[in-house]
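Peer 1: Test case, fold it:
(4 chains)
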Number of protein chains: 2
Amino acid sequence: MTAIENIRSLRSDARRNREAVLAAAKELFAKEGLEAQMPDVARAANVGVGTVYRHFPSKDELVTALVVAHFETLADKARECLAMDDPWDGISEFIRSSAHAQAQDRCLCDVTTDRAEMVAGVAIAVGMPELVDQLVKRAQRAGKLRRDLTWEDIPTIVCGLGTTTQQLAGPGIGRWPRLVEIIIDGLRAPGSAKLPPPL
Amino acid sequence: MTAIENIRSLRSDARRNREAVLAAAKELFAKEGLEAQMPDVARAANVGVGTVYRHFPSKDELVTALVVAHFETLADKARECLAMDDPWDGISEFIRSSAHAQAQDRCLCDVTTDRAEMVAGVAIAVGMPELVDQLVKRAQRAGKLRRDLTWEDIPTIVCGLGTTTQQLAGPGIGRWPRLVEIIIDGLRAPGSAKLPPPL
DNA sequence: TAATATACTGAATCATGATTCCGCTTGCAA
DNA sequence: TTGCAAGCGGAATCATGATTCAGTATATTA
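Peer 2: Numbering: from 1, shown residues only, chains lettered A, B, ... in the order given. Model prediction:
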């Protein structure tokens, strides 16, 4: 059930292959979403299907591994944002960067829809809720963020933006980062500074 | 390729069955998304699989029929909103109601991701772009809506909100309509009226 | 009400993709 | 340098779910 236990104990070639599979999977799933096929992952990693399965007993486990990696990175980003001087820059930057990550990874989008519980579990495991809550509270204390926002609203906003932003991109590609900014701007506390009305 | 041509020319039982299939499909797909299975649709409609296929040559066509129905309704809603006295009430109400519709229909969410071109085609066919553009321009002329918004931004916002709103609902169910309001509020033109800061 | 074109049913068939499995390699400890 | 446990490859197998089709039923119409 569980994937290979201790990576250190792996034979050198096995370790190498494992990395190759993860890298290939990350890229392929990002591009094609959950639809990406195991044989293709194997091919992309220059490895047989069997090898993929040796390291990740099922497609699900492989996907989960990717999600875990993503959230670990995201948690780092959150800590980084928490350390920024300006609390507003903190959350806004966090939202911005997670939305971008989401928008660049089709699999992440699919997964928040089709494997919601798994994703929630991973997010909790890396301490996301606390981190985001801190980002939110901090910005609110500073009077920069709308008071009626909860940390739970953040993933919803991020996923929503990232997800559709990516799909509907076809016609208006390049326009979506702007949309992210618009939404972020809309989250400011009513009184707080706002860019002057454009044009 | 095309489904049954002239509904009028159908035998009475055929017409009845067709309706039953559509109704069953609408409900089932809304609940289970694109994953819903044809045999289940048949069962739900009290009909054999063969009958489903007689009316809709493929799952794709069935789904398309549902999407068309949805957009026809949405276009009506848009026209209705265009007729409202206050231009701001117009788009905001339109956004609100489409987001809700989206949030209530898992299939709609799947489809905007997996069949983006088809959806775009249908939307264009019912005249959505023009309608939304009018809603946007009208509100902007009245100074109520951010000037940096394009009609293309609206579907992105609506789909994003609706989609994730629905999935991540588990924990914070009941909180999502509020989120829609927050986003809508963020779309106001910088100067225009805004509710006083809550609490 | 008889003839027949329409429609219906659902078991059987197909297609797609995940997963297994077994004979062959290869890193590495002795 | 050997021995062999750990790994590998990839054709074969399974599972799932869409789609077909041959036999049967029923509106319709003359």
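
Peer 1: where's residue A:84 relative to chain B, distance?
Peer 2: 22 Å (C-beta to the nearest C-beta, to the nearest Å). Bear in mind the C-beta positions are built from the backbone N, C-alpha and C, glycine included.

Peer 1: how close does the nearest residue to that residue once chain neighbours are set aside get to residue B:14?
Peer 2: In this structure, residue A:84 finds its nearest non-sequential neighbour in residue A:90, 4.7 Å apart by C-beta to C-beta, 6 or more residues apart in numbering or on different chains. Going from residue A:90 to residue B:14 by C-beta to C-beta, to the nearest Å gives 62 Å.

Peer 1: These two - which one has more neighbours?
Peer 2: residue A:90 (24 against 15; other C-beta atoms under 10 Å in any protein chain shown).

Peer 1: surely the more buried one meets residue A:79?
Peer 2: No. Counting by C-beta atoms under 8 Å, residue A:90 sits too far from residue A:79 to count as a contact (10.5 Å).

Peer 1: just to revisit the earlier point, for the residue nearest to residue A:84, pull up the helix or strand it's in.
Peer 2: For residue A:90, the enclosing helix or strand under DSSP states H and E is helix A:87-103.

Peer 1: Buried residues of that helix, list them for me.
Peer 2: If you call a residue buried by 16 or more other C-beta atoms under 10 Å in any protein chain shown, then helix A:87-103 has these buried ones: A:87-88, A:90-103.

Peer 1: Stretch A:135-147 now?
Peer 2: Quick answer for stretch A:135-147 (16+ other C-beta under 10 Å): A:135, A:136, A:138, A:139, A:140, A:144, A:145, A:146.

Peer 1: just to revisit the earlier point, and of the buried residues of helix A:87-103, the nearest to DNA strand C?
Peer 2: Relative to DNA strand C, the closest of the buried residues of helix A:87-103 is residue A:102; by C-beta to the nearest atom of the strand it sits at 21.9 Å.

Peer 1: Tell me how many other residues crowd the nearest residue to that closest one once chain neighbours are set aside.
Peer 2: In space, and not counting its chain neighbours, residue A:102 is closest to residue A:162: 2.5 Å by C-beta to C-beta, 6+ apart. Using other C-beta under 10 Å, residue A:162 has 24 neighbouring residues.

Peer 1: I'd say residue A:162 and residue A:100 touch.
Peer 2: Yes. Contact criterion C-beta under 8 Å: residue A:162 and residue A:100 qualify, at 7.4 Å.

Peer 1: any idea which element the closest residue to residue A:129 other than its chain neighbours lies in?
Peer 2: With sequence-adjacent residues excluded and distances taken as C-beta to C-beta, 6+ apart, residue A:129 is closest to residue A:151, at 6.4 Å. Assigned by DSSP H and E, residue A:151 falls within no helix or strand.

Peer 1: now do the one 4 residues further on
Peer 2: Secondary structure here is read from DSSP H and E; on that basis residue A:155 sits in helix A:153-167.

Peer 1: how about that helix as PDB, C-alpha atoms only?
Peer 2: Coordinates of each C-alpha in helix A:153-167 appear next as PDB, following Å, rounded to 0.1, in the frame of the first residue of the first chain:
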ATOM      1  CA  ASP A 153     -12.300  31.700   2.000                       C
ATOM      2  CA  ILE A 154      -8.700  31.800   0.700                       C
ATOM      3  CA  PRO A 155      -8.400  28.300  -0.800                       C
ATOM      4  CA  THR A 156     -11.800  28.800  -2.400                       C
ATOM      5  CA  ILE A 157     -10.700  32.000  -4.000                       C
ATOM      6  CA  VAL A 158      -7.300  30.700  -5.000                       C
ATOM      7  CA  CYS A 159      -8.700  27.500  -6.500                       C
ATOM      8  CA  GLY A 160     -11.400  29.200  -8.300                       C
ATOM      9  CA  LEU A 161      -9.200  31.800  -9.800                       C
ATOM     10  CA  GLY A 162      -6.500  29.400 -10.700                       C
ATOM     11  CA  THR A 163      -8.800  26.800 -12.200                       C
ATOM     12  CA  THR A 164     -10.900  28.700 -14.500                       C
ATOM     13  CA  THR A 165      -8.300  31.200 -15.200                       C
ATOM     14  CA  GLN A 166      -6.400  28.400 -16.800                       C
ATOM     15  CA  GLN A 167      -9.200  26.900 -18.900                       C
END
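
Peer 1: what about it, distance to the chain center?
Peer 2: 10 Å (C-alpha atoms, centre = their mean, to the nearest Å).

Peer 1: Which elements pack onto that helix?
Peer 2: helix A:87-103, helix A:106-114, helix A:128-141, helix A:176-186, helix B:106-114, helix B:153-167, helix B:176-186 (3 or more C-beta pairs under 8 Å, 6 or more residues apart in numbering or on different chains; DSSP states H and E).

Peer 1: angle of the longest one against helix A:106-114?
Peer 2: Using axes from the mean of the first three to the mean of the last three C-alpha atoms, to 10 degrees, the inter-axis angle of helix A:87-103 relative to helix A:106-114 is 100 degrees.

Peer 1: next one: the last one
Peer 2: Using the same axes, to 10 degrees, one finds that helix B:176-186 and helix A:106-114 are set 130 degrees apart in direction.

Peer 1: Pull the residues that contact helix B:176-186.
Peer 2: Applying C-beta atoms under 8 Å, 6 or more residues apart in numbering or on different chains, the contact partners of helix B:176-186 are A:146, A:148-149, A:153, A:156-157, A:182-183, A:185-187, B:92, B:95-96, B:99-100, B:103, B:157, B:161, B:165-166, B:169, B:194-195.

Peer 1: for chain A, which spans come out with low pLDDT?
Peer 2: Low-confidence segments of chain A, defined by pLDDT under 70: A:1-5, A:167-173, A:193-199.

Peer 1: Swap in 80 and give it another go.
Peer 2: Where chain A drops to pLDDT under 80, the residues are A:1-8, A:162-176, A:191-199.

Peer 1: So which residues on it come close to DNA strand C?
Peer 2: When proximity is defined by C-beta under 7 Å from any atom of the strand, chain A lies next to DNA strand C at A:11-13, A:35-39, A:49-50, A:53, A:57-60.

Peer 1: Which ones among the residues you listed map onto helices?
Peer 2: Residues of the residues of chain A next to DNA strand C located in helices (DSSP state H): A:12, A:13, A:38, A:39, A:49, A:50, A:53, A:59, A:60.
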